[in-house]
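Q: heads up, no residue letters with this:
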Ligand SMILES: Cc1cc2nc3c(=O)[nH]c(=O)nc-3n(C[C@H](O)[C@H](O)[C@H](O)COP(=O)(O)OP(=O)(O)OC[C@H]3O[C@@H](n4cnc5c(N)ncnc54)[C@H](O)[C@@H]3O)c2cc1C
């Protein structure tokens with residue numbers, strides 16, 4: 001007999017969480033659909049720098065507990081996925097994802113502060129960082145005015161556009177477009193959920209997983225759920241690029257400038273705009289403290305930071321644009337940063353909600369979801385091809401810096 005279900009699981013929100021789980025769960029034999037209201041990667045994922053953290057941030061705050069041990073294992077998990085290992089165990093296959101850099105630079109403007117001395121004393125970081133001798137400095141730092149110290153940090157940086165493309169390609173028919181008027185209602189006897197949209201054939205699933213980032217709060221409200229609570233932590237990132245008439249060739253770097261705070265004073269990663277021209281994406285303390293500034297003031301601040309930290313760079317030839325985005329996470333007492341990914345299970349409602357906190361934590365969050373679904377029966381004889389063919393498909397979003405930006409020039 002044909003099943004009444006059109007899938008075992010519906011995942012709501014096609015950022016890295018939804019895409020990762022779509023592949024992981026599908027490979028374990030579940031039938032899965034992923035529903036996106038805007039475009040694939042349009043949320044926090046598109047704004048990410050692509051750093052696969054292995055614990056640096058924890059070492060900076062001195063929090064080297066259980067969460068740090070978990071995150072320390074993530075680079076190896078991603079490395080395995082990039083090489084297509086673990087296919088037999090249903091692991092995610094990331095072959096084809098572009099590596100922007102195998103490692104990053106850590107640089108201090110002066111000699112080590114006591115915090116950094118502690119940081120480098122930690123075993124976790126000793127295994128990941130190498131002090132560079134001046135002859136090994138990349139060209140940007142080979143300047144007689146550079147007085148600080150430079151370290152190589154063994155944490156890779158991935159190209160988010162290729163990550164989205166690789167995760168989307170095999171499942172294009174299962175990543176559906178959901179509009180704001182779609183209705184999610186529980187099936188009788190807690191047998192799952194129905195998702196209805198206009199006159200499209202409704203979807204019926206046994207399990208709903210919310211991976212909508214900032215959108216989880218509204219979804220939970222719509223579904224009448226009081227838990228879990230979400231927090232937003234806003235950032236104002238900055239894009240810097242040589243003005244079209246400038247002679248400056250922007251060097252490719254992935255670097256964190258360490259200051260006295262636990263967040264790097266400035267983080268720089270290099271990406272390309274829609275025409276393939278390089279740009280610097282600036283975050284760290286600049287982005288955290290910039291949320292109260294106007295875009296113009298934030299661009300001015302970014303220009304001043306570059307002029308202070310890299311005075312030999314012709315930063316007057318750069319133009320700047322501000323990009324505002326909220327990090328969405330499980331609510332923490334006092335609004336602090338969670339140190340782990342978060343999964344909320346409501347078995348009675350056949351509902352899970354999650355926030356990864358860091359894209360890098362998806363492998364371990366994926367494991368937790370798989371374990372939590374152990375009792376979910378896989379429906380037999382689902383033939384949903386006719387239903388899926390009627391639903392509109394979601395497309396991949398351009399990255400924020402591949403869209404037109406409002407540039408501020410001559411800010412210093
Ligand atoms: C500036 C910035 C830089 C970062 N850099 C890094 C980094 O270098 N390394 C790292 O590990 N982490 C980084 N992070 C954190 C990381 O980006 C996030 O933890 C991760 O991307 C969250 O992924 P997600 O899929 O859960 O949510 P999102 O990427 O936010 O995706 C949610 C999706 O759900 C969709 N959606 C929303 N509401 C609905 C709805 N009602 N119905 C259907 N769909 C909906 C959205 O359109 C979106 O596509 C960074 C975050 C920011 C903001």
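A: Arrived safely, thanks for sending. Computed from a predicted structure; not experimentally measured.
Q: check contacts around residue 160.
A: Contact partners of residue 160, counting by Cβ atoms under 8 Å, 6 or more residues apart in numbering, are 41, 45-46, 48, 50, 399. No exception for glycine: its C-beta is placed from N, CA and C like everyone else's.
Q: now swap in residue 81 and tell me
A: Residue 81 sits in contact with 91-94, 363, where contact means Cβ under 8 Å, 6+ apart.
Q: again, 6 Å this time
A: 92, 94 (Cβ atoms under 6 Å, 6 or more residues apart in numbering).
Q: and for the one 5 residues further on?
A: If a contact means Cβ under 6 Å, 6+ apart, then residue 86 has residue 80 as its contacts.
Q: how close does it sit to residue 155?
A: The gap separating residue 86 from residue 155 is 21 Å, by Cβ to Cβ, to the nearest Å.
Q: assess the claim that residue 252 and residue 272 are in contact.
A: No. Counting by Cβ atoms under 6 Å, residue 252 stays clear of residue 272, with 9.9 Å between them.
Q: apart from its neighbours in sequence, what residue is nearest whichever residue of the stretch 51-200 of the chain sits closest to the ligand?
A: Nearest to the ligand in the stretch 51-200 of the chain, going by Cβ to the nearest ligand atom, is residue 51, at a distance of 3.5 Å. Distance criterion Cβ to Cβ, 6 or more residues apart in numbering; nearest residue to residue 51, sequence neighbours excluded, is residue 157 at 5.4 Å.
Q: touching, the one you found and residue 102? I think so.
A: No. If you go by Cβ under 6 Å, residue 157 and residue 102 don't touch, sitting 8.3 Å apart.
Q: with neighbour numbers in mind, choose between those two.
A: For residue 157 versus residue 102, neighbours defined as other Cβ atoms under 10 Å are more numerous around residue 157 (19 against 12).
Q: ok, how many other residues are close to the closest residue in space to residue 351 that isn't next to it in sequence?
A: Among residues not flanking residue 351 along the chain, residue 208 sits closest, at 5.1 Å (Cβ to Cβ, 6+ apart). Residues within reach of residue 208, counting by other Cβ under 10 Å, total 23.
Q: and if you look at the one 10 residues further on?
A: By the criterion of other Cβ under 10 Å, residue 218 has 12 neighbours.
Q: related to what we said a few turns ago, okay, and the beta partners of the residue nearest to residue 351?
A: residue 10, residue 351 (DSSP bridges).
Q: now do the contacts for residue 45.
A: Contacts of residue 45 by Cβ under 6 Å, 6+ apart are 15-16.
Q: what's the helix or strand for it?
A: Assigned by DSSP states H and E, residue 45 belongs to helix 44-47.
Q: got the contact list for residue 236?
A: Contacts of residue 236 (Cβ under 6 Å, 6+ apart): 287, 290-291, 298, 322, 324.
Q: top of those by neighbour count?
A: residue 298 (27 neighbours).
Q: surely it meets residue 322?
A: Yes. Contact criterion Cβ under 6 Å: residue 298 and residue 322 qualify, at 4.6 Å.
Q: about what we covered before: any idea how far residue 177 is from the residue of the stretch 51-200 of the chain closest to the ligand?
A: 30 Å.
Q: higher neighbour count, those two?
A: Counted by other Cβ under 10 Å, residue 51 and residue 177 do not tie: residue 51 has more neighbours, with 24 against 18.
Q: unless I'm mixing things up, that one is touching residue 159, no?
A: No. At 11.7 Å, residue 51 and residue 159 do not qualify as touching, with contact defined as Cβ under 6 Å.
Q: residues from this protein in reach of the ligand?
A: Residues of the chain lying near the ligand by Cβ under 6 Å from any ligand atom: 12-18, 35-38, 42-45, 47-51, 53, 178, 211-215, 219, 235, 237, 283, 325, 327, 355-360.
Q: now, those that are in helices?
A: 16-18, 44-45, 47, 219 (DSSP state H).
Q: low-confidence stretches in this structure?
A: 1-2, 57-65, 110-127, 412 (pLDDT under 70).
Q: quick one, helices of it?
A: For the chain, helices defined by DSSP H occupy the ranges 16-27, 44-47, 56-61, 66-72, 74-82, 114-121, 123-126, 160-168, 216-222, 285-289, 295-309, 362-372, 385-390.
Q: would you mind giving those as CSV with distance to residue 140 added?
A: Shown next, in CSV, are those (distance: least, Cβ to Cβ, whole Å):
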stretch, distance to residue 140
helix 16-27, 30
helix 44-47, 24
helix 56-61, 20
helix 66-72, 28
helix 74-82, 24
helix 114-121, 20
helix 123-126, 23
helix 160-168, 23
helix 216-222, 40
helix 285-289, 18
helix 295-309, 11
helix 362-372, 31
helix 385-390, 49
